[in-house]
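Engineer: sequence below, structure please.
(2 chains)
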Amino acid sequence: MKKEIINVSRREFLISSGKVGAGFTIGLYLPGCSEQSGNEIHATSGATKMAPPQEISSTPAKGLKEVNAWVVIQPDDTVIIRIARSEMGQGTLTGLAQLVAEELECDWSKVTTEYPTPGENIKRDNIWRDFMTGGSFGIRGSHSYVRKGGAVARHMLIEAAAEQWGVDMAECSAANSVITHTPSGRTISYGKVADAAAELFPPEHVELKDPKDWKLIGQPVKRLDTDEKLNGKQVYGADLWMEGMLNASIKACPVFGGKLKSFDASKVTSMPGVHKVVAVGDDAVAVVAKTWWQAKTALDKLPISWDKGANAKVSTASIDAMLDEGLTSSKKVFVGNKNGDVNKALKGASKVVEATYRYPYQNHATMEPMNATAIWTKDKCEVWCPTQNGTAALQATAQAAGLPVSQCDVHKLHLGGGFGRRGAIHDFVVQAVAIAKQLPGTPVKLLWSREEDMAHGMYHPITMCKLTGGLNNKGDLTSLRVRISGQSILASINPAWMTNGADMFTFQGMLPEGDHAISYSVPNLLVDHAMRNPPVPPGFWRGVNINQNAIYFESFIDELAHTTDKDPLAFRQALMTKHPKSLAVLNAVAKKAGWGTPTEKGVGRGLAVCKAFASHIAACAEVSVNDKGELKILRIVAATDPGYAVNPQQIEAQVEGSFVFGLSALLYGECTIKDGAVEQSNFHDYPSMKIKEMPKVDVIVMPSGGFWGGVGEPTIAVAAPAVLNAIYAATGKRIRQFPLKDVDLNA
Amino acid sequence: MIKLKINGNVVDIDVDETTPLLWVLRENLGLTGSKYGCGIGSCGACTVHINGEAVRSCLVPVSTLNTSKEIVTIEGLSADTSHPVQQAWKELDVPQCGYCQSGMIMSAAALLKKKPQPSDADIDENVTNICRCGTFNRVRRGIHLAVQKNNKS
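Structural biologist: The predicted model follows:
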């Protein structure tokens, strides 16, 4: 790849110039956000002498001139890199900083980061662009402009040094935060010229490095956010504390769509610490108390009566009936991929195979329950919260506050898990603001109980899938019909993103082209979706629909291979000649896993491959099932081609972690519905995998270059089907209903 | 008024005595390193040491405690993040979101106290914390690395 020449617009300069930005306060400096309200925030209550004052993770850049929006350099050469996306464990903070630092040519050991606020972003005409952290987009969606941010800053720093020396800047170069004038050998560090650089015009254009010249991108550097996660100092939203703060515990109507009818506050107002009991919107009630434990204890005792509304009789069985009908219906059906004439080809097939799969509702179950802290006054509202999308959180704040966006702001904290739950819908922010509005000027922290989190998720949507495959007399797949029946996320969350009424997310992994293209060539293909929307709120759940679709598709491909007595690897390879990158990851896992070599009795191997979030992913699982039907996942080999690998050790961590997320869902994940509400209430009945169930994972990171693929989500999709196909190889049992906890593998 | 011994300090706490230790730590003492994840002793994010044993603090009413019970939280595990488990965690970049990691580290540290050379089966049996990001394999490697660090020191 040649050097990219990137133009820097005049308009961008005006907004990013140090002078225009003067007085601008930034990001994670929590107390600074409350200058007007006069509140001080500490991570500790200060209630006793024991409580050590906790530093907030980033050093505030307040009061310092920025070189540009992305880079602030302190006199001691500390480099503060601004990160607009949110850190929720996926390592984006470190990866994005690597991208900026690569072009900045700074000393990596002096790099720290901070979050700009979405409010400042709006005031500065969207200078940090997209705050949305989802769709595995953090790096692939911003690599170009953040690298440019680093390159522009480097240029300005060199120019400032050259001006100071009175030399031609073409004779100067920068490395490791030091600028050198080559002819004279003079040097100066970034910290000494940062102030002067801030006064300069940015260059007309900058050149980004050729990937072959990268020194920091591609290196397995350590995460920048680890230290405070080792000693309890990392402050999450749930940990936030402010002077005078009250705590709220909330209960919304457990029946979806139900309303709050009444509550009897008099029964709890005399309980210890209770300050106020408030209705929140039209469907929830909260107790506000001195401590959260007091609030929750009182809420548990509060008599509440609900108007359960129209969904009070909805059940898993009634939802299944809706979806069953969709499997064969011609009503409200949308086509996602079509080529050839599938019906004609199926009629002419030598053999037709059909199977129907079902995938349940699942909860994100982030370890840190939903929370937000809000201060509302009649002319200002500020929120502190873990969010995957600061801009969306700000919009939710403004709407709930009844104030213009310009009078609100949101201060982001690192997330204790996101997985999609904290991105599109900020119900927890709306609630926190609604409560704070009833206590003007008082900071209120709303923290959901785990039970509330289980009852009011934005669930990984339920779908079913009927697949019909036609084989010719040689056992080649000539036709495939895929009917998905089930819930659309977009129809509920954002109909404006739909395409002529269709929800294209539904077809992830089966689309004709793009980030989620099908990895096989089938001469006659029809993939369609009968949209059936039960009254359970769906949401983006790490991986989104690729998770269900890869199970359906990769299990069924395996079924077809076994029907024809063909090797599942060879059967796939024959369909993948036009998909070389997907084929390459598949071949890599097969080779490393010893595909084709003998296994012991009761042990089987299974494959899965797909393209997701623009990356190519494959896995080979090896499992055993003993004579009691007990499953042990022994080993998984996983390969990923994300195009460019910014931090290989963090990619490994994401791939390993993806198996925990994907296999927890396969083994245990199911939210069932009874009387219009979710039946599961905590980790005892919605379990998550533990260390003893974790297989060995061998990760192959094989970046082929030339594109930018995502990392945080794709591997989840292959986790379950690889294991399911391995179970089939071990037992001859094909599983089409999930989770596995409900399946007897010995039957 | 209840007297507790936490991280070597004796403190007087004026709370309803049914309050779980977790909430006393978090809300009365400002020790927010111990996390709330479930409140039913299932996830382990609230794990602390009481007399050296890993305990889920969300299930321990403060009424059951007194100064004969040495309570150690993540904040008191070491003064400078120097505990072998913390050092191993740092070397391997174990945490992802990090929310469960205080509890994970406290579970691992208690295991090493009980069994200085734990087998994988010991780890399976004793480290029962939930991590939704999926750090388990690095947690396991981290425990084995901490053993090496212990042996060296």
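Engineer: every contact and neighbour count from this point should use C-alpha atoms.
Structural biologist: Fine.
Engineer: could you report the pLDDT at the residue nearest to the spatial centre of chain B?
Structural biologist: Nearest to the mean C-alpha position of chain B, by CA atoms, centre = their mean, lies B:M106 at 2.7 Å. Note for B:M106: predicted pLDDT of 98.
Engineer: again with the one 5 residues further on
Structural biologist: The predicted local confidence for B:L111 comes out at a pLDDT of 98.
Engineer: number of residues surrounding it?
Structural biologist: For B:L111, the count of nearby residues is 22 (other CA atoms under 10 Å in any protein chain shown).
Engineer: ok, it - contacts?
Structural biologist: By CA atoms under 8 Å, 6 or more residues apart in numbering or on different chains, B:L111 lies in contact with B:54, B:118, B:123, B:126-127.
Engineer: over to A:V146. Which of the three states is it?
Structural biologist: Put simply, A:V146 is helix when judged by DSSP: H, G, I helix; E, B strand; the rest coil.
Engineer: tell me how far it lies from A:L745.
Structural biologist: Applying CA to CA, to the nearest Å, the value for A:V146 to A:L745 is 50 Å.
Engineer: which one of these two has more residues nearby?
Structural biologist: Comparing A:V146 with A:L745 by neighbour count (other CA under 10 Å), the higher total belongs to A:V146, at 26 against 21.
Engineer: distance-wise, check that one relative to A:G138.
Structural biologist: Separation of A:V146 from A:G138 (CA to CA) stands at 11 Å.
Engineer: anything in contact with each of those two?
Structural biologist: Common neighbours of A:V146 and A:G138, counting by CA under 8 Å, 6+ apart, are A:L96.
Engineer: A:I700: how many residues sit nearby?
Structural biologist: 22.
Engineer: how does chain B divide into domains?
Structural biologist: Per the record, chain B has its domains at B:2-76, B:84-152, by automatic domain parsing.
Engineer: straight-line length of the first one, end to end?
Structural biologist: This points to domain B:2-76. End to end - CA to CA - domain B:2-76 spans 20 Å.
Engineer: contact partners for residue 106?
Structural biologist: Just so you know, I chose chain A. A:79, A:175-178 are the contacts of A:C106 under CA under 8 Å, 6+ apart.
Engineer: hmm, I had chain B in mind actually
Structural biologist: Contacts of B:M106 (CA under 8 Å, 6+ apart): B:47-49, B:54, B:73-74, B:77.
Engineer: ok, these vs chain A, which is closest?
Structural biologist: B:I74 (5.7 Å; CA to the nearest CA).
Engineer: show me chain A divided up by domain.
Structural biologist: According to automatic domain parsing, the domains of chain A span A:4-26+A:61-228, A:237-309+A:370-447, A:316-362+A:459-742.
Engineer: let's verify the residue of the stretch 551-700 of chain A found nearest chain B: helix, strand, or coil?
Structural biologist: The nearest approach of the stretch 551-700 of chain A to chain B comes at A:G657, 3.8 Å away (CA to the nearest CA). At A:G657 the chain is in helix, as set by three-state DSSP.
Engineer: tell me the pLDDT of A:G21.
Structural biologist: So A:G21 comes in at 29 (pLDDT).
Engineer: and if you look at A:L64?
Structural biologist: Per the predicted model, pLDDT is 78 at A:L64.
Engineer: try B:N151
Structural biologist: 87.
Engineer: that one in helix, strand or coil?
Structural biologist: helix.
Engineer: go on, A:R223?
Structural biologist: Assignment for A:R223 (three-state DSSP): coil.
Engineer: what's the local residue count around the nearest residue to A:Q234 once chain neighbours are set aside?
Structural biologist: Counting by CA to CA, 6 or more residues apart in numbering or on different chains, A:Q234 lies nearest to A:E228, which is 4.8 Å off, once chain neighbours are set aside. Number of residues near A:E228 (other CA under 10 Å) recorded here: 17.
Engineer: do stretch A:201-219 and chain B meet?
Structural biologist: No. Judged by CA under 8 Å from any CA of the partner chain, stretch A:201-219 stays clear of chain B, getting no closer than 14.2 Å.
Engineer: just the endpoints, please. Distance across that stretch?
Structural biologist: 32 Å.
Engineer: for stretch B:105-122, same thing?
Structural biologist: Stretch B:105-122: ends 15 Å apart by CA to CA.
Engineer: buried residues, it. List them.
Structural biologist: B:105-112, B:116-118 (16 or more other CA atoms under 10 Å in any protein chain shown).
Engineer: next one: it to chain centre, how far?
Structural biologist: The chain centre lies 12 Å from the centre of stretch B:105-122; the measure is CA atoms, centre = their mean, to the nearest Å.
Engineer: the residue lying closest to A:T92 once chain neighbours are set aside: neighbour count?
Structural biologist: Once flanking residues are discounted, A:T92 sits nearest to A:G138: 6.2 Å by CA to CA, 6+ apart. Using other CA under 10 Å, A:G138 has 27 neighbouring residues.
Engineer: now do the same contact list for A:G138.
Structural biologist: Residues counted as contacts of A:G138 (CA under 8 Å, 6+ apart) are A:85, A:92, A:96, A:132.
Engineer: shaky segments in the stretch 351-500 of chain A?
Structural biologist: Within the stretch 351-500 of chain A, the set of residues satisfying pLDDT under 70 is empty.
Engineer: which of the three states applies to A:S688?
Structural biologist: Classification of A:S688 by three-state DSSP places it in coil.
Engineer: that one reaches A:L666, doesn't it?
Structural biologist: No. A:S688 is beyond contact range of A:L666, at 10.0 Å (criterion: CA atoms under 8 Å).
Engineer: and for residue 136, nearest residue in space, chain neighbours not counted?
Structural biologist: Because you didn't say which chain, this covers chain A. A:S136 sits nearest to A:G710 (CA to CA, 6+ apart), 4.6 Å away.
Engineer: if you could check chain B rather than the one you did, that'd help
Structural biologist: That would be A:I691: by CA to CA, 6+ apart, it lies 5.4 Å from B:F136.
Engineer: just A:T468 next, same as before
Structural biologist: That would be A:E354: by CA to CA, 6+ apart, it lies 4.4 Å from A:T468.
Engineer: what about the one you found, how many residues nearby?
Structural biologist: Residues within reach of A:E354, counting by other CA under 10 Å, total 15.
Engineer: and the host helix or strand of it, what's buried?
Structural biologist: Using DSSP states H and E, A:E354 sits in strand A:351-359. Buried residues in strand A:351-359, counting neighbours by 16+ other CA under 10 Å, are found at A:351-352, A:356-359.
Engineer: same deal with stretch A:509-526?
Structural biologist: Residues of stretch A:509-526 classed as buried by neighbour count (16+ other CA under 10 Å): A:509-512, A:515-526.
Engineer: and what of stretch A:670-688?
Structural biologist: Neighbour count says stretch A:670-688 has A:670-683, A:686-688 buried, by 16+ other CA under 10 Å.
Engineer: just these: which are in helices?
Structural biologist: Taking DSSP state H, every one of those sits outside helices.
Engineer: so which of the residues you listed are also by chain B?
Structural biologist: Residues of those in contact with chain B (CA under 8 Å from any CA): A:682-683, A:688.
Engineer: what's the burial count for residue 88?
Structural biologist: Using chain A here. A:M88: 25 neighbours (other CA under 10 Å).
Engineer: oops, chain B please
Structural biologist: Neighbours around B:A88, by other CA under 10 Å: 23.
Engineer: going by residue numbers, what spans are strands in chain B?
Structural biologist: Here chain B has its strands, by DSSP state E, at B:2-6, B:9-13, B:47-50, B:53-56, B:70-72.
Engineer: before we move on, the earlier item: distance to B:N28 added to the domains of chain A, as TSV?
Structural biologist: As requested, these are exported to TSV (distance: least, CA to CA, whole Å):
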stretch	distance to B:N28
domain A:4-26+A:61-228	21
domain A:237-309+A:370-447	8
domain A:316-362+A:459-742	26
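Engineer: low-confidence stretches in chain B?
Structural biologist: If you take pLDDT under 70 as the line, chain B has these spans: B:153.
Engineer: and for it, the residue most distant from the center?
Structural biologist: Most peripheral residue of chain B (CA atoms, centre = their mean): B:M1, 25.2 Å.
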